[in-house]
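**Student:** I would like to see how this sequence folds:
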Amino acid sequence: MKPRYTHYWIGLFMGIALVPVLRRLHLPVRFDWKALATAYWILTVQSVFLAAMLCWVGMPGEAILRTLVDRWVREPLRIVLLLLYLMALGWALPWMTAVVLTVNTVAILEFHERKPHQLRQAAGAVLLPALYVVVGFLLVPAYNDIIVTVHFNFAYDAAFNAMDKWILHGWSVCDLSHWAIRSFPLPFFHFLEFIYFGMFPQIGAAILLVSLSGGRNRGLQFVGTILMAYYIALGLFYLWPSQGPYSLCSGHFSRFPATLQVYAIQKNMMASGLALWNHVPIQRISGYFIAFPCMHIAQPLIVMWFLRRWKRMLIFLCAYDCLLIVSILLLEWHYLVDIIGGILVAGIAIAITDNGLAKTVGFGTALKPSLRQFRSGRSPRSR
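**Tutor:** The predicted structure is shown next:
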């Protein structure tokens, strides 16, 4: 078995074992399908928007924006229709949602204009990786619940906190967060929330960009790398379970701003983790509890690895992910040790899954031919 296919076999084994293990532990074999469908729909919309923005930032202007503007100048009726479309959406929806949907519509129509006969082929390249990530992400919360049922979820929080204090010369993540709460206004923390939750569309945007530029197999390899990182994280969580700094901070819910979304999420996660450990019956698979390693930094690193051919795109993502680290720490989601662990897990997952196919895609040299094909409407060479 080739190492880069390991994620398929691990996922298959975990999928086959899932139902028997859940039943043995008296856990429900049920997901909240309505909530999941809503979440994936929102994530899809956000991902298309982010992919369009990354193309605008990361690709030469003549390949993306200039061609679009030239077409609008030649056909000004398009501008009128676009404004009417935006106004109609803005009347029915929040203005930010209206802008996002308008940008998505323009991006999809522009892709169709440039490649009128390739839309079905492009959808096929994206669909299978997208379905694969959905199936894989069903396994992760299910095995979270399984692990928390048999291992105390807060067992290693004190140990990780002690490691942080050694690294930070006596400071802890809780100390940093409390200092920030005293020093910065509430809008600063809303901004940190925006940065934190904005990580998730990076995965969807990368699926689109990687699959469209490198083909379906490259898209599957990207998703497989993400899932491999999660499978490694589940193993580490089984060995060293921890919830995060907020669970160890005795005054967290009295000092932390209660108006933030993360306040309610963290409170619910602590209650869910304790309920599972105490074998309180639950109605459905409940959530995600892994602190070490930090997957909120592992996933963006994998995204950057697979998008590294576009240098300006990479710079933009690096800047965003630096803010993401600040958000992770000041919102008390993870220990500093968790972030170090996330970096290592990302590196291991990439080393396992990306050990040959990247060379066949032609990083560094594939961008210029791809852009010429994009401008001329020809489909990329099959890889």
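**Student:** For the stretch 51-200 of the chain, which segments count as helices?
**Tutor:** For the stretch 51-200 of the chain, the helices defined by DSSP state H, counting those that start in this stretch occupy 65-74, 77-92, 95-114, 119-150, 157-167, 173-183, 186-197, 200-214.
**Student:** Packed most tightly, which of the ones you listed would that be?
**Tutor:** Among these, helix 200-214 has the highest mean neighbour count (mean count of other CB atoms under 10 Å), at a mean of 24. To be clear about C-beta, it is placed using only N, CA and C from the backbone, and glycine gets the same treatment.
**Student:** List the buried residues of the next helix or strand after that one.
**Tutor:** Next along the chain after helix 200-214, taking DSSP states H and E as the criterion, comes helix 216-239. Residues of helix 216-239 classed as buried by neighbour count (16 or more other CB atoms under 10 Å): 216-234, 236-237.
**Student:** Ser177 contacts Leu330, correct?
**Tutor:** Yes: applying CB atoms under 8 Å as the test, Ser177 and Leu330 come out as touching, 5.2 Å apart.
**Student:** got the contact list for the residue nearest to Leu317 when sequence neighbours are not counted?
**Tutor:** Distance criterion CB to CB, 6 or more residues apart in numbering; nearest residue to Leu317, sequence neighbours excluded, is Met304 at 5.2 Å. Going by CB atoms under 8 Å, 6 or more residues apart in numbering, Met304 touches 314, 317-318, 321.
**Student:** Repeat that for Leu138.
**Tutor:** Leu138 sits next to Phe31 when contact means CB under 8 Å, 6+ apart.
**Student:** Grab the nearest non-local neighbour of Tyr40.
**Tutor:** Distances taken as CB to CB, 6+ apart place Val134 nearest to Tyr40, at 6.6 Å, with adjacent residues excluded.
**Student:** any idea how far Gln266 is from that neighbour?
**Tutor:** Using CB to CB, to the nearest Å, Val134 is found at 26 Å from Gln266.
**Student:** And for Ile232?
**Tutor:** 24 Å.
**Student:** With Arg4 instead?
**Tutor:** Separation of Arg4 from Gln266 (CB to CB): 36 Å.
**Student:** For the protein, give me the ranges with low pLDDT.
**Tutor:** The chain contains residues with pLDDT under 70 at 1, 60-65, 114-119, 355-383.
**Student:** How about the contacts made by the most centrally placed residue in it?
**Tutor:** Nearest to the geometric centre of the chain sits Phe200, at 3.1 Å (CA atoms, centre = their mean). Contacts for Phe200 (CB under 8 Å, 6+ apart) come out as 43, 46.
**Student:** now do Gly342
**Tutor:** Counting by CB under 8 Å, 6+ apart, Gly342 makes contact with 293-298, 301, 334.
**Student:** circling back: tell me the angle the helix or strand containing the residue nearest to Leu317 makes with helix 186-197.
**Tutor:** If you go by DSSP H and E, Met304 is part of helix 295-306. Counting by axes from the mean of the first three to the mean of the last three CA atoms, to 10 degrees, helix 295-306 lies at 60 degrees to helix 186-197.
**Student:** starting at the chain centroid, how far to helix 295-306?
**Tutor:** 8 Å (CA atoms, centre = their mean, to the nearest Å).
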